[in-house]
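Colleague: My questions concern the predicted model and sequence given below.
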Amino acid sequence: MKRKIRMGMVGGGKDAFIGAVHRMAASLDGEIELVCGAFSSKVSKSKETGDELGLEAGRVYVSFEEMISKEKELPKEVRMNFVSIVTPNYLHFTPCQLALQNRFHVLCEKPLAFSLQEAKELEQLVKETGLIFGLTHNYTGYPMVKEAREFVKSGKLGKLRKIVAEYPQGWLAANIESAGQKQAEWRTDPAKAGISCCVADIGTHAENLAEYITGLKIKELSADVTTFVEGRLLDDDANVLLRFDNGAKGILFASQVAAGEENELKIRVYGEKGGIEWLQSEPNSLIVKLDGQPKQIYRTGVDKGYLSKSALTHTRLPGGHPEGYIESMANLYRNFSFAIRARIEGQQENIELYDFPTITDGVRGMRFIEAVIESGKNNSAWVKL
């Protein structure tokens, strides 16, 4: 019987939204088994979470340091294979570092770290150890995002000229952090989130999606960054002009004070011959607009023979059945587990097909955050990445 890839988790206690999402995603394909965790800095909460998840009491730890140390001592066929880190930004670097130093693969929430310097240190450590490192920019896991990427790579749009990425939310339109809303509290706290709230939290998703689909890199940017809500210590809105390495121009805006919006992540890519459009709230559709042709709507589904191999590989359901947020995250976990399994079995890792965001994407994201904030503080001066 095929042995599952064994996962340990740092963070994600029973009241944490994102921890539950990660556990559902990790378990969806039957490839991964949660075997241990340090779920909270509060010992009682960590133990309670482990008990609810049915874990062995001896493998629910009081800290990530204890978890990594004790798991390393277990027999190879029992110990965890990788660590999933689902903590706030300021608690990414140290558990990532310690896991890598002790020869555990790592899958980490975004943004990668608290600062660009921390991100660079982790990148160097990944190079030195040769371990597998993934980052959960989960929107890259959607089948029609894969299709959009392959559509661009095919050359059907011609040379790219314009990229427009947007991510409006409305949940921080009021100062809910002062009322004790936990998710808002740490995201708007410079001691826990770093130099940015909005750009780090959702702007990086738009940046990552733009570079992933187009295959281009942002060369430089000019940003107008604002904190609209009185009393808030970090940004809640950003408007960014982009210049890409092939000469294409772009616009990216991210806002958490777009009152009434939910999670309207959207991207449009235009080339010499046409454009494509994808919206996260309608994830099964990719809108294709080729010059001189009627608008087409490509739809996900296992019976869609016109889709690329990459899109079909990441499609789970027949047409008409929505593939959503958890499924996109599950695709990243599955692909990450495939890479680990290939490493264990001495096989080549098929990252071209079973791809996932890597440490490189994490460093790019941190560079983007710092460049946007720097530009915003300097009257929208152009900043190179």
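Modeller: Done, it's in.
Colleague: Please determine how far the residue lying farthest from the centre of the chain is located from Lys273.
Modeller: No residue in the chain sits farther from the centre than Gly292, which is 36.1 Å out by CA atoms, centre = their mean. Distance, Gly292 to Lys273, by CB to CB, to the nearest Å: 9 Å. Placement of C-beta: from N, CA and C, glycine included.
Colleague: same check, this time on Ile267
Modeller: For Ile267, the distance to Lys273 - CB to CB - is 18 Å.
Colleague: and what of Phe253?
Modeller: For Phe253 relative to Lys273 (CB to CB), the value is 26 Å.
Colleague: and those two? which has more neighbours close in?
Modeller: The neighbour comparison of Phe253 against Lys273 (other CB atoms under 10 Å) goes to Phe253, with 19 against 15.
Colleague: where's the more buried one, which helix or strand?
Modeller: Element membership of Phe253 [criterion: DSSP states H and E] is strand 249-255.
Colleague: I'd like to check what contacts that strand. Which residues are they?
Modeller: 161-169, 198-199, 202-203, 206-207, 210, 218, 236-244, 261 (CB atoms under 8 Å, 6 or more residues apart in numbering).
Colleague: And stretch 302-316, by the same measure?
Modeller: 141-144, 146-147, 149-151, 298, 300-301, 317-319, 323, 327, 331, 353-355.
Colleague: Return the residues in contact with Gly319.
Modeller: Here Gly319 is in contact with 284, 299-304 (CB under 8 Å, 6+ apart).
Colleague: Try it again at 6 Å.
Modeller: Residues in contact with Gly319 (CB atoms under 6 Å, 6 or more residues apart in numbering) are 299, 301, 303.
Colleague: The second one and Leu317 touch, don't they?
Modeller: I take that to be Gly301. No. Using CB atoms under 6 Å as the test, Gly301 is too far from Leu317 to be in contact (7.1 Å).
Colleague: Please say which of these two ends up with more neighbours.
Modeller: Gly301 (20 against 14).
Colleague: Which residue comes closest to the more buried one once chain neighbours are left out?
Modeller: Gly319 (2.7 Å; CB to CB, 6 or more residues apart in numbering).
Colleague: same question, Thr129
Modeller: Leu100 (5.3 Å).
Colleague: list the helices and strands the one helix or strand that neighbour maps to packs on?
Modeller: Assigned by DSSP H and E, Leu100 belongs to helix 93-101. Identification of packing neighbours for helix 93-101 by 3 or more CB pairs under 6 Å, 6 or more residues apart in numbering; DSSP states H and E yields helix 64-73, strand 105-108, helix 116-129.
Colleague: Need the winner for burial among these.
Modeller: strand 105-108 (a mean of 26; mean count of other CB atoms under 10 Å).
Colleague: from the middle of its chain, how far away would that one be?
Modeller: 12 Å (CA atoms, centre = their mean, to the nearest Å).
Colleague: Other residues contacting that strand?
Modeller: With CB under 6 Å, 6+ apart, strand 105-108 has contacts from 82-85, 92, 96, 99, 131-135, 336, 340.
Colleague: Sheet-wise, list the partners of it with their directions.
Modeller: Partner strands and pairing direction for strand 105-108 (DSSP bridges) are strand 82-85 (parallel), strand 133-135 (parallel).
Colleague: is it possible to export these to JSON lines including distance to Glu66 and mean pLDDT?
Modeller: As requested, the strands paired with strand 105-108 are exported to JSON lines (distance: least, CB to CB, whole Å; pLDDT from 0 to 100):
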{"stretch": "strand 82-85", "distance to Glu66": "13", "mean pLDDT": "98"}
{"stretch": "strand 133-135", "distance to Glu66": "22", "mean pLDDT": "98"}
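Colleague: Format these as JSON lines; extra columns: distance to Phe228 and mean neighbour count.
Modeller: Shown next, in JSON lines, are the strands paired with strand 105-108 (distance: least, CB to CB, whole Å; neighbours: other CB atoms under 10 Å):
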{"stretch": "strand 82-85", "distance to Phe228": "31", "mean neighbour count": "26"}
{"stretch": "strand 133-135", "distance to Phe228": "29", "mean neighbour count": "26"}
